[in-house]
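S.K.: sequence and predicted structure are below.
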Number of protein chains: 2
Amino acid sequence: MSDQIKYVLSEDDIPRTWYNFAADLPFMAPMLSPVTGEPVGLDGLRLSMPDGLAEQELSTEPEFEIPETVRQLYRQWRPTPLFRARRLEQTLGTPARIYFKYEGTAPTGSFKPNTAIAQAYYNKLAGKRVLIAETGAGQWGSAIAFAAPLFGLSARVFMVRVSYEQKPYRRLLMETYGAECLPSPTTTTEAGRAALEERPDHPGSLAIAKAEALQVAYADPDYGYTRGSALNSICAHQTVIGQEAIAQMALAEDYPDIVIGCAGGGSNLAGLTFPFLREQLRGGKRVRTIAVEPTACPTLTRGRIAYDHSDSARMTSLVRMHTLGHKFVPPPVHAGGLRAHNIAPLVSRAVEDGMMEAVARPQVACFEAGVMFARTEGILPAPESTHAICVAVEEARRCAQDGESRAILFGLTGHGNFDLSAYEAYFAGRLPDDAVDDEALAFGFDSIPDLSAA
Amino acid sequence: MSDQIKYVLSEDDIPRTWYNFAADLPFMAPMLSPVTGEPVGLDGLRLSMPDGLAEQELSTEPEFEIPETVRQLYRQWRPTPLFRARRLEQTLGTPARIYFKYEGTAPTGSFKPNTAIAQAYYNKLAGKRVLIAETGAGQWGSAIAFAAPLFGLSARVFMVRVSYEQKPYRRLLMETYGAECLPSPTTTTEAGRAALEERPDHPGSLAIAKAEALQVAYADPDYGYTRGSALNSICAHQTVIGQEAIAQMALAEDYPDIVIGCAGGGSNLAGLTFPFLREQLRGGKRVRTIAVEPTACPTLTRGRIAYDHSDSARMTSLVRMHTLGHKFVPPPVHAGGLRAHNIAPLVSRAVEDGMMEAVARPQVACFEAGVMFARTEGILPAPESTHAICVAVEEARRCAQDGESRAILFGLTGHGNFDLSAYEAYFAGRLPDDAVDDEALAFGFDSIPDLSAA
C-alpha cells in the first residue's frame, strides 16, 4: 500500500466519457407527462432541454463521450485530488484506511460545475443565449453563474427571497460572475406575481423559484433552463468523480470496502458511487455503498417509492422514485443542499434493488464529525459533506472495535467557506432540532399523486 | 509554446529548499535592538523566536533545507497550479501571454500556510505548546489556527476587536480549527488593559494586538510568537511559490518578461519574484518584477528608506526598510493584507537597488480588474490579489498597443470567498476613497526614529 497522503492524476487522466448507470439497470420506469400521464419521449423532453441533454436523459448507452470543449474546461480544476486522511485515522485510533475525494477545489467550491459546464455547453449548441436557474442556498446558482460566461452566455438566477436577503455572499459571488440574481417571487413571471398577490412579503420557496425559472424558459427560446441534480444525465456528468477516484485508489494500491456519499438530489452520490457499482457489476470487488441523508429530510429512509413530481407546482414530469411528497417541507436544517423531497431515480433504484444502503443522521452529529475533520485534515467541510464524514467516522470506529482494517472512501463534495454561519450556530448550541414529525410526513405523503385512480 | 491552460507539477517537484535572497545581496543593514540600539545577534533573536527561525533570519546561506515533516504537510495542497489566462487574453484582445500562479487552493485559501507550517514546526521543535499570533482581517490568524493542530499545538489569536465583531467568518474559521480567538484589546495582558483603561470601548488596532501577543509570548516559554510576513526567513519560506512557477513556466515552454505581485508585508511578492531574480543574477533572462501596492498605503512609492519599528508600540527591532512611519494609519481600504506601514527589508532592498519596480493603484481600479478576471477565468480573487491583476491587465493592454507579445506572470495570492462584502461595496459604489493625504503622511513620517540624534 502506498504511503502518500494525496493521489493526483494528470490532465490526460480526466475521464473521456460520462458513465450512464441506466445502461446497467434492467428496467427503469418511464417518466410520465404531468399533463397527459403518458410516457415522455424525446420530443417532450426537448421542450425543456437541449437535444444533447434530452438524448442522454433517455439513453441506455453505457457511456457518453465528453465533448472536448467541456473536457478542456474541466482541466481548470480536474482531476480533483483524492486524499488519505491519516491524521483523522490517528485521532480515531482506527486500523481503517480512510480516503476522501475532494471536489472543493472547483472554482465555486463544490462539485456542481461538473454538470453546470456540460449544461452550458449543450444549451450553447442549441442556440440559447441566457441560462436560467433557480437556487436556494446558492450553490447551483453560483455554478451556473460561473459556467455561463465561459460560453459567452448570460445567466439569470431566481434565488429564494429569504436566502437572497439572509445570505448575501452567494448572491454576491453570482453577481461578481456577472449573473443577474433576482429575489423570488418576482413580478417578472406569472408564478411570481401569483405568490406576491397571495402574500406581498412572500419569503419565497424553491418551488416558486423553479416555477418562475421554468415559465421564463418555456416562454422564450433564447432562454435555457438548467437543473442542479436528479436527472439521469446529471448523474452521468458527475461520474467524473467516481471514475477519477477508481484510478486514484489504484495509485494508492488499495480499493474501498465502503464508499459513502451525502444524499440530497442524489447527483454527487451517484457520481461517486456508480463507477464503483459498475466495477462490481462487471465482476469486480463488492463494495458497500452508503447514502447519508439528514434526519430532517429522510427521503430514502422514510420516503415511499412512487411516481411524483420534483416540484411543488407539479409542472415537472412524474418520475418513479423515493419521495416524501412534493408538498413535504423539511424542518430548517443548515445542509441546504440536502433538503429535496425526492431523489434521483437512478439512486432510488440502486437503493430499492439493494445495491446501496441508506441511513439518516441528525445534523448536530454531522457538524461534530465535521469539526473533528477540520481539526485533523485542515479542510473546512460543507455542511452537506459532514453527513458523509459522520458515517465514515462511525465505520472507522467500528473497524477499531472489530480490529479490522477496512478501506473507507467518502465524498467531500465541497468546502464550507460560505457556510460559516452554520458552524457559528453549531458552536453556540443554536442548531435547530431537525427531527421530522409524523404530521409533516403525513402532509407530504398526502401530496403524492394516486396514479391508480387516474 | 504549450497550448495547455494549467501547468501541474508532481509532489516530487515540491522544492526541497527555501531560497534565501539575503545570500545574493552584497550588504544588508543589521537589525538594531529597540532597547540598546545595538545590532541584534542570534541571542537577541532567540528571545522571540525558536532557534531554527533565528538562524535563518541572520543567515547568508543561499538555501535552507525544507524539513521533511514540513514538506510532507505541503503535499496537502502543493505544488499549486499555474494557469495560462487564455480567456482573459481573448477578452483583452492582447497578444500577451498571461500566466498566474494560484495559491488559493491552500486550506485557508491563501499563501500564508507556506510559512505558518514552517513556523509551527520550529516552535514545536523548540518545545512550545501554544502558538500566538495577532491578526487583523484574519488571514494570518486562520493560517496559524490551521497549522497548530497539525503539530499537536494549541493556538491563541489576538484579533483586532472591530474585525472580530464586523467580520465573524474568519474568526469562526479559526474557532472551527480549534483556535482560541480573543477580541483585542483584552484584559489578559498589560498592553490590553492599558488600552481599555484609556478607552473602555477601544476598537483595537493591529499594533495593540501585536503588543498583546508579544507580551504573552515573552512571559511564558510555553508560548511561541509567530509572524505573518516581512522577516527574511518568512520571505524564504514563500519562495516555494516562485520556485514552482519557474518549473511550470518551463512546462509551458515559456519564460516571463514581467513578474507582478501585490505588496503588503512583502512576503508573497518575495516568494514569487526572488527565485526569478536569482535566475537573473546567475545570468538568466532579465525579468521586470513589479510590486503593486494600494494608493492608500504607498510604502514603496512614497515611503522613506530608514530604520523604523514594525509595530507602533516600538517593541520590535529597528530595521532599515521603506516605511511610512510606525504611527502611519492608512485610510480604510478593503485589501486588509496590504495595510502595512513598512515592508520586508529584502523587498525594500530590491526596490532600492533597482532590481524591482514599485507602483501604487487605487482600489476601485483593482476591483474592476478583479471582476473582469472572475468573469473570464472563473476564480474570485482576494482583494489583495486584484492589485497584481490590475497591473497585469495594464501590461497586457500595452502589448496590444505595441503589437508585442510579452509573457506576463502574476501572483494570485488567494481567493476572495471571505471578502465578498468588499465586492458588495464595490458594486454599490460604496468603496471608500483611498487617497492618502499629505497630513497623514507627515504624521507617519514624524514617527520615524531619528537615529543620528541618538
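M.R.: Done, it's in.

S.K.: tell me which residue of the stretch 1-150 of chain A lies closest to chain B.
M.R.: A:P107 (4.3 Å; CB to the nearest CB). In short, each C-beta sits where N, CA and C put it, glycine included.

S.K.: what residues does the stretch 51-200 of chain A have near chain B?
M.R.: Counting by CB under 8 Å from any CB of the partner chain, the residues of the stretch 51-200 of chain A close to chain B are A:72, A:75-76, A:83, A:87, A:105, A:107, A:109, A:146, A:149-150, A:168-169, A:172-173, A:175-178.

S.K.: measure the residue positioned nearest the centre of chain A to chain B for me?
M.R.: Nearest to the centroid of the C-alpha atoms of chain A, with distances taken as CA atoms, centre = their mean, sits A:S267, at 4.1 Å. From A:S267 over to chain B the distance is 21 Å, taken as CB to the nearest CB, to the nearest Å.

S.K.: and that residue, what does it touch?
M.R.: A:111, A:115, A:228-230, A:234-235, A:237-238, A:344 (CB atoms under 8 Å, 6 or more residues apart in numbering or on different chains).

S.K.: need the residues you listed in a markdown table with pLDDT, neighbour count and secondary structure, can you?
M.R.: Below are those laid out as a markdown table (pLDDT from 0 to 100; neighbours: other CB atoms under 10 Å in any protein chain shown; DSSP: H, G, I helix; E, B strand; the rest coil):
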| residue | pLDDT | neighbour count | secondary structure |
| --- | --- | --- | --- |
| A:F111 | 97 | 31 | coil |
| A:T115 | 98 | 31 | helix |
| A:G228 | 93 | 24 | coil |
| A:S229 | 91 | 24 | coil |
| A:A230 | 91 | 25 | coil |
| A:I234 | 98 | 30 | helix |
| A:C235 | 98 | 29 | helix |
| A:H237 | 98 | 28 | helix |
| A:Q238 | 98 | 29 | coil |
| A:A344 | 97 | 28 | coil |
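
S.K.: which of these lies closest to B:A207?
M.R.: Nearest to B:A207 out of the contacts of A:S267 is A:F111 (CB to CB; 43.5 Å).

S.K.: just confirm that closest one contacts A:L269, I think it does.
M.R.: No: if you go by CB atoms under 8 Å, A:F111 and A:L269 don't touch, sitting 10.3 Å apart.

S.K.: mind listing the shared neighbours of these two?
M.R.: Common neighbours of A:F111 and A:L269, counting by CB under 8 Å, 6+ apart, are A:G411.

S.K.: for the longest helix that chain A contains, buried residues please.
M.R.: Ordering each helix of chain A by length in residues (DSSP state H) puts helix A:383-402 first. The neighbour-count check on helix A:383-402 (16 or more other CB atoms under 10 Å in any protein chain shown) flags A:383-396, A:399 as buried.

S.K.: same deal with stretch A:213-222?
M.R.: Buried, per 16+ other CB under 10 Å, within stretch A:213-222: A:213-217.

S.K.: below-threshold pLDDT in the stretch 301-450 of chain A: ranges please.
M.R.: Across the stretch 301-450 of chain A, the ranges flagged by pLDDT under 70 are A:335.

S.K.: so which residues on it come close to chain B?
M.R.: In this structure, the stretch 301-450 of chain A approaches chain B at residues A:371, A:374-376, A:378-380, A:417-418, A:420-421, A:423-424, A:427, judged by CB under 8 Å from any CB.

S.K.: if we can go back for a sec, dump the longest helix of chain A to PDB, restricted to CA.
M.R.: Taking Å, rounded to 0.1, in the frame of the first residue of the first chain, the C-alpha atoms of helix A:383-402 are listed here in PDB:
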ATOM      1  CA  PRO A 383     -22.400  21.100   5.900                       C
ATOM      2  CA  GLU A 384     -23.700  18.700   3.300                       C
ATOM      3  CA  SER A 385     -20.400  16.800   3.200                       C
ATOM      4  CA  THR A 386     -20.300  16.400   7.000                       C
ATOM      5  CA  HIS A 387     -23.100  13.800   6.600                       C
ATOM      6  CA  ALA A 388     -20.700  11.600   4.700                       C
ATOM      7  CA  ILE A 389     -17.900  12.300   7.200                       C
ATOM      8  CA  CYS A 390     -20.200  11.400  10.100                       C
ATOM      9  CA  VAL A 391     -20.800   7.900   8.800                       C
ATOM     10  CA  ALA A 392     -17.100   7.500   7.700                       C
ATOM     11  CA  VAL A 393     -16.100   8.200  11.300                       C
ATOM     12  CA  GLU A 394     -18.700   5.700  12.500                       C
ATOM     13  CA  GLU A 395     -17.400   3.000  10.200                       C
ATOM     14  CA  ALA A 396     -13.800   3.700  11.100                       C
ATOM     15  CA  ARG A 397     -14.700   3.400  14.800                       C
ATOM     16  CA  ARG A 398     -16.300   0.100  14.000                       C
ATOM     17  CA  CYS A 399     -13.000  -1.100  12.500                       C
ATOM     18  CA  ALA A 400     -11.300  -0.100  15.700                       C
ATOM     19  CA  GLN A 401     -13.800  -2.300  17.700                       C
ATOM     20  CA  ASP A 402     -13.600  -5.200  15.200                       C
END
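
S.K.: how about the strands in the stretch 201-350 of chain A?
M.R.: Assigned by DSSP state E, counting those that start in this stretch, the strands in the stretch 201-350 of chain A fall at A:223-225, A:258-262, A:288-294, A:304-308, A:319-323.

S.K.: list the contacts for A:G44?
M.R.: A:33, A:317.

S.K.: got the contact list for the closest residue to A:R320 other than its chain neighbours?
M.R.: Using CB to CB, 6 or more residues apart in numbering or on different chains and skipping residues adjacent in sequence, the residue nearest A:R320 is A:A29, 3.8 Å away. By CB under 8 Å, 6+ apart, the contact list for A:A29 reads A:307, A:319-320, A:345.
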